[in-house]
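Q: Let me see the structure of the following:
(4 chains)
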Number of protein chains: 2
Amino acid sequence: MKVTIRDIAEKANVSIATVSRVINNKSEGVGEETRKRILKLVKELGYQPNALARGLVTKKTKTVGLIIPDITNPFFADIARGVEDQANLFGYNVFLCNTDDDLDKENKYINALKEKYVDGIIFTSSSIPNQNHIVELIKTGIPTILMDRQIDDKHVVGIFIDNLLGGYIATKHLLELGYSRIACITGPLFLKSAVERLQGYEKALNEYGMEVDNEIVAEGTYKMESGYETAKELLAKGVRTFFVCNDIMALGVCKAVKESGYNIPEDVSVVGFDDIQISHVIEPPLTTVRQPSYDMGKEAIKMLVKLIEGKKIRKKIVKFKPELVIRQSTKAI
Amino acid sequence: MKVTIRDIAEKANVSIATVSRVINNKSEGVGEETRKRILKLVKELGYQPNALARGLVTKKTKTVGLIIPDITNPFFADIARGVEDQANLFGYNVFLCNTDDDLDKENKYINALKEKYVDGIIFTSSSIPNQNHIVELIKTGIPTILMDRQIDDKHVVGIFIDNLLGGYIATKHLLELGYSRIACITGPLFLKSAVERLQGYEKALNEYGMEVDNEIVAEGTYKMESGYETAKELLAKGVRTFFVCNDIMALGVCKAVKESGYNIPEDVSVVGFDDIQISHVIEPPLTTVRQPSYDMGKEAIKMLVKLIEGKKIRKKIVKFKPELVIRQSTKAI
DNA sequence: CTGAAAGCGCTAACAT
DNA sequence: ATGTTAGCGCTTTCAG
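A: Just a heads-up that it's a prediction; the model follows:
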């Protein structure tokens, strides 16, 4: 049988209220001697407060939910690690939820998290078409941090990256290198982030007096195979310059390029997006647009905890700047 | 104000017991008409049962803990995905815990999970020196599945991979290719899995009438940098053949090799371990020992749920077989 | 088929 | 400085 607060109280000859006070560190109202006696008993009997009972009365669980598309994607794994590390520092535990950008799954997780009374939610998803459930979630008052997805709602608090800028600097880099026929492999275009990166691509092109050529813009899935296959097609069309909207797909592109007998960067230039850990160890190291994913995760939970504790937060929207990391997958003509 | 079971009961003109029966699908004891009326109300008012209250009485939370060293390692991310997917199917949520193989963190997480009354724990850790906390955990009776770590305790239930065999087939492959001076970059040797892989290496060597040359066996950390730096040193010693005990380090090795001006597999052969997703897209695709990580994760939660539900499990120890995947990072002399 | 009531383990007034 | 007590929202006997 588990030892409860009552057991401690009895053996210490005090009321459960007193025990409650000391285990919760309520500084006032407990004599030094009693406190010690109780603490000793707690240790001896290995007492652990029942978080369910506590949560039932306090309405706080020291638990948060992290909703992401896929932990298997290194970008999200980095975010998750940042979230978890910092949450742990704050004494929170985190529920991991993978949605595959599936609306249905998102809703189910939201409900499950609500039932379990999480103190807050970090939502890293990005489906554009239907965002009612998110707006709804925010309205219910449960502290929520959005990541990677911006919604037109005054109450949104979130962490974002300037995707348009990211797409812009990536493309501009290629333009400056002297290329003109630059292909773009986008993410799924129901994702706002993917659309914005594409817009950045377009902006850069326009600045150089070029138009987007839809022949060499292809929608990918953010998965490796997608990069691989799309690149094969594009290569066949004579494309030799790629802006690939995430690193995972860029890996697929590199594979396709090499299989087709070309060298990077001598024959083909590739720019990725994310700067996942392996980007710098592959051959050649990938030129890419860096997102500080781990730090974004940390920042997200910091903001969330402030929200939970009812503290003021300086800015409701924190926008990280993407950064071009030039390595060896691109080369001037 | 949240809607409770009481609200539903009042509006439906029944007792809360009846409401409880229908939301829990207790098939018997509720009239068809009443059931419908209640269900309708539940939907209308958006009632969601309070999992804390429920857990407090049932002692079940539909929640499990997943303790791993680092979600950022693709191998563990795959496992986590397998666990989470399958857990979700069973209606469970999972707490993510990163320990960095730190005993202190492991203990803290175990305690936190206990306080939150998780129904079970999947423990993917592997520090050899101190395993008391694990034995202790199992003794407390909370259903626990060990992964990747075998303990000499009759009560252990777990999923493992035959690491010795893995090390053996990797080394043997190199041997068969005609190499004799084969270096081994191990994992941290306080991990049992790392030791076993090393033993497999030794076994293969012995079968070929060779002894382990400690000059070319180096302890790594399972991190990329470690592979990179160790390889540099080994390369300087004239080593041209590597068995690297995980893929992440193997990536580092490949980088070091190329930087040193050698080609893989023409000049240098490399075998990895794990078969993480990117292993087949890097250049050249990595020959490695495959672990079915995603499936191992799925299997783990399946076993755990059986344990939780008090069902019999066929085998307490499920041992997966590693498999050599020959790609292009190795070549016969 | 349905209801009343006890109680899970804890916190938070309110007393003393 | 400490104790008493009323719930938190739910499940689960036990009655009826």
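
Q: any idea where the helices of the stretch 1-150 of chain A begin and end?
A: Applying DSSP state H, counting those that start in this stretch to the stretch 1-150 of chain A gives helices spanning A:5-12, A:16-23, A:32-45, A:51-58, A:74-90, A:103-115, A:132-139.

Q: oh sorry, the question was meant for the stretch 151-300 of chain A
A: A:163-176, A:192-207, A:224-236, A:247-259, A:293-308.

Q: Could you list the domains of chain A?
A: Under the assignment automatic domain parsing, the domains of chain A span A:5-49, A:63-160+A:293-320, A:163-292.

Q: low-confidence ranges in the stretch 51-200 of chain A?
A: A:126-129 (pLDDT under 70).

Q: Quick one: name the residues of it near DNA strand C.
A: With CB under 7 Å from any atom of the strand as the criterion, the stretch 51-200 of chain A meets DNA strand C at residues A:53-54, A:56-58. No exception for glycine: its C-beta is placed from N, CA and C like everyone else's.

Q: need the helices of the stretch 1-150 of chain A in a markdown table with mean neighbour count and distance to DNA strand D, can you?
A: Converted to a markdown table, the helices of the stretch 1-150 of chain A look like this (neighbours: other CB atoms under 10 Å in any protein chain shown; distance: least, CB to the nearest atom of the strand, whole Å):
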| stretch | mean neighbour count | distance to DNA strand D |
| --- | --- | --- |
| helix A:5-12 | 17 | 7 |
| helix A:16-23 | 18 | 3 |
| helix A:32-45 | 14 | 4 |
| helix A:51-58 | 18 | 4 |
| helix A:74-90 | 23 | 24 |
| helix A:103-115 | 18 | 9 |
| helix A:132-139 | 16 | 19 |
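
Q: can you tell which of those helices is closest to B:Ser193?
A: Among the helices of the stretch 1-150 of chain A, the nearest to B:Ser193 by CB to CB is helix A:74-90 (20.7 Å).

Q: other SSEs contacting that closest one?
A: Counting contacts by 3 or more CB pairs under 8 Å, 6 or more residues apart in numbering or on different chains; DSSP states H and E, helix A:74-90 is packed against strand A:63-68, strand A:93-98, helix A:247-259, helix A:293-308, helix B:74-90, strand B:93-98.

Q: which other helices and strands contact the fourth one?
A: Under the contact criterion of 3+ CB pairs under 8 Å, 6+ apart, the helices and strands touching helix A:293-308 comprise helix A:74-90, strand A:120-123, strand A:144-147, strand A:158-161, strand A:317-320.

Q: Please tell me how far the nearest residue to A:Ala218 once chain neighbours are set aside sits from DNA strand C.
A: Take A:Ala218 and drop its neighbours on the chain: the residue closest to it by CB to CB, 6 or more residues apart in numbering or on different chains is A:Thr230, 4.7 Å away. With distances taken as CB to the nearest atom of the strand, to the nearest Å, A:Thr230 is found 56 Å from DNA strand C.

Q: Equivalent analysis for A:Pro74, please.
A: For A:Pro74, the distance to DNA strand C - CB to the nearest atom of the strand - is 39 Å.

Q: now do A:Thr72
A: Relative to DNA strand C, and taking CB to the nearest atom of the strand, A:Thr72 is found at 38 Å.

Q: which residues sit in contact with that residue?
A: Applying CB atoms under 8 Å, 6 or more residues apart in numbering or on different chains to A:Thr72 gives the contacts B:74, B:77-78, B:81, B:277.

Q: Relative to B:Val42, which of those is nearest.
A: Of the contacts of A:Thr72, the one sitting nearest to B:Val42 (CB to CB) turns out to be B:Arg81, at 32.8 Å.

Q: you'd agree that closest one is up against A:Cys97?
A: No. Using CB atoms under 8 Å, B:Arg81 is not in contact with A:Cys97, being 11.4 Å away.

Q: need the residues of the stretch 51-200 of chain A next to DNA strand C in TSV with distance to A:Pro143, can you?
A: TSV is the format used below for these (distance: CB to CB, whole Å):
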residue	distance to A:Pro143
A:Ala53	23
A:Arg54	19
A:Leu56	19
A:Val57	20
A:Thr58	15
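
Q: Which ones, among these, also lie beside chain B?
A: Subset of those in contact with chain B: A:53, A:56, counting by CB under 8 Å from any CB of the partner chain.

Q: so what pLDDT did the residue lying closest to A:Tyr228 once chain neighbours are set aside get?
A: Of all residues not flanking A:Tyr228 in the chain, A:Gly252 sits nearest, at 3.5 Å (CB to CB, 6+ apart). The per-residue pLDDT reported for A:Gly252 equals 95.

Q: residues contacting A:Gly252?
A: A:223-229, A:231, B:281.

Q: And it, how far from A:Ala80?
A: Distance, A:Gly252 to A:Ala80, using CB to CB, to the nearest Å: 23 Å.

Q: Check A:Gly91 too.
A: On the measure of CB to CB, A:Gly91 and A:Ala80 end up 18 Å apart.

Q: hang on, the earlier thing: I'd guessed the residue nearest to A:Ala218 sits against A:Tyr222; true?
A: No. With contacts counted by CB under 8 Å, A:Thr230 stays clear of A:Tyr222, the gap being 11.5 Å.

Q: anything in contact with each of the two?
A: A:Met249.

Q: just checking, A:Lys331 is part of a strand?
A: No. A:Lys331: not assigned to a strand; according to DSSP: H, G, I helix; E, B strand; the rest coil it is coil.

Q: thought it was touching A:Glu176?
A: No. Contact criterion CB under 8 Å: A:Lys331 and A:Glu176 do not qualify, at 11.8 Å.

Q: picking up where we left off before, can I get the contacts of A:Gly252 in a markdown table with neighbour count and pLDDT?
A: Converted to a markdown table, those look like this (neighbours: other CB atoms under 10 Å in any protein chain shown; pLDDT from 0 to 100):
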| residue | neighbour count | pLDDT |
| --- | --- | --- |
| A:Lys223 | 19 | 93 |
| A:Met224 | 23 | 93 |
| A:Glu225 | 14 | 95 |
| A:Ser226 | 22 | 97 |
| A:Gly227 | 31 | 97 |
| A:Tyr228 | 20 | 96 |
| A:Glu229 | 19 | 97 |
| A:Ala231 | 29 | 98 |
| B:Val281 | 23 | 87 |
